[in-house]
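Colleague: Predicted model and sequence below, questions to follow.
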Amino acid sequence: MIKSRLRKLATISLVCTFLVMLAGSVVRMTSSGMGCPDWPKCFGYYIPPTDISTLTWSPNRPFEKGQVIIREDALLVASSDFTTASDFDASNWEPYTKHDYAIFNATQTWIEFINRLLGALTGIPVLLLFAFSIAYFRKDPLVTVLATFGLVLLGLEAWLGKMVVDGNLIPNQISLHMFGALGLVAIFTFLSVRLRQIPFTFKPRRDRLIILSGSIGILLLLIQIYLGTAVREVVDEVGKAALISTPDWTESLGLNFIIHRSSSIAVIVILGYFAVQIVRTRTISTWPRVLLAFLALEVAFGAGMAYFEMPALLQPLHLIFAAFLFSLAFGLLVVYWRKTENAPL
């Protein structure tokens, strides 16, 4: 009973992590990362404003400590609870000093807020997974250890999200933030497999080439994702320079783009070989085919972004399908390992 519950919680946690990654990609696509310039609240509110009037000083209006206004292109924070008088009193306000971004866009604010809300909701199944795993410790300590690590990593991801906002979207922190999410994907994928009843196909030994190809393919995929984040950062700069609309805009993306585009062939070949060989062993049938289909879609999304000037819709799809590929390949590797061993991992 508890094993089934843990498996469901691990799967729900995995799905929630994918949703957060998708939301984060939409945030990046729409440049909404600073839609909420403070953290964990948004302009000092639990529910963000929908109109600039909320962030504009006006007479005879109550404010609570921590609420924010935009005045003279700067963020000011209420230093206490008070009601404004007929004239602006600077002594009631403190400047927001973590950064100087003071722009309100209702759409961007709510996109970022939804991203944060999904992140907070993800904490519920992850916390429950940890709580139930404690009772499972004697039966399988690794489950408890990984559930604990998943909870800690989720907390670190929340803290890093705060650092990203406080630093006004520091590029390296954004990439680190994303790889933390991939770490969560790995943990919940592994737990979903480990907690599932898998019939073993006994063999004298595993096919080492299959395991090697899967391991190398996953490593190359992670490198591809990192290069993709580096390219995305350059794209932001190219977009600011208004070069994306020019026919040769990809030439402005530099060496990372060339490596990212060219090395994708290696990922396709190696992960494709991995999936085909698993199908041929007849140990797993459906999921390797799903992996091949996702590989094809990921290539199509990447080509569409390169040849059609970064369509907005393809950007989050390209990222989320890369995360799907990572989860699928890693899960297949774990399942194949277990199905060809005399004992579970």
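Modeller: Okay, I see it. Computed from a prediction, not measured in an experiment: that's the story for all the values here.
Colleague: Might you calculate how far stretch 72-89 sits from the centre of the chain?
Modeller: Between the centre of stretch 72-89 and the centre of its chain there are 36 Å (C-alpha atoms, centre = their mean, to the nearest Å).
Colleague: Just the mean pLDDT for it, thanks.
Modeller: In this model, stretch 72-89 has a mean pLDDT of 93.
Colleague: same thing with stretch 5-16?
Modeller: 96.
Colleague: Equivalent analysis for stretch 24-44, please.
Modeller: For stretch 24-44, the per-residue pLDDT averages 87.
Colleague: Straight-line length of that stretch, end to end?
Modeller: For stretch 24-44, the separation between the terminal residues is 21 Å (C-alpha to C-alpha, to the nearest Å).
Colleague: which residues of this protein score low on pLDDT?
Modeller: 164-174, 197-206, 233-254, 256, 339-345 (pLDDT under 70).
Colleague: what are the ranges of the strands in it?
Modeller: Assigned by DSSP state E, the strands in the chain fall at 62-63, 68-70, 75-78, 82-83, 93-95.
Colleague: Now the ones you listed in a markdown table, please, with extra columns for distance to Ile258 and mean neighbour count.
Modeller: (Glycine included, C-beta is placed from N, CA and C.) A markdown table is the format used below for the strands of the chain (distance: least, C-beta to C-beta, whole Å; neighbours: other C-beta atoms under 10 Å):
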| stretch | distance to Ile258 | mean neighbour count |
| --- | --- | --- |
| strand 62-63 | 53 | 15 |
| strand 68-70 | 42 | 22 |
| strand 75-78 | 40 | 21 |
| strand 82-83 | 57 | 13 |
| strand 93-95 | 44 | 15 |
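Colleague: looking at the chain, which residue lies furthest from center?
Modeller: Within the chain, Ser86 marks the point farthest from the mean C-alpha position, 46.3 Å out by C-alpha atoms, centre = their mean.
Colleague: and the strands of the chain as JSON lines, adding distance to Gly228?
Modeller: Compiled in JSON lines, those are given as follows (distance: least, C-beta to C-beta, whole Å):
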{"stretch": "strand 62-63", "distance to Gly228": "43"}
{"stretch": "strand 68-70", "distance to Gly228": "34"}
{"stretch": "strand 75-78", "distance to Gly228": "33"}
{"stretch": "strand 82-83", "distance to Gly228": "48"}
{"stretch": "strand 93-95", "distance to Gly228": "37"}
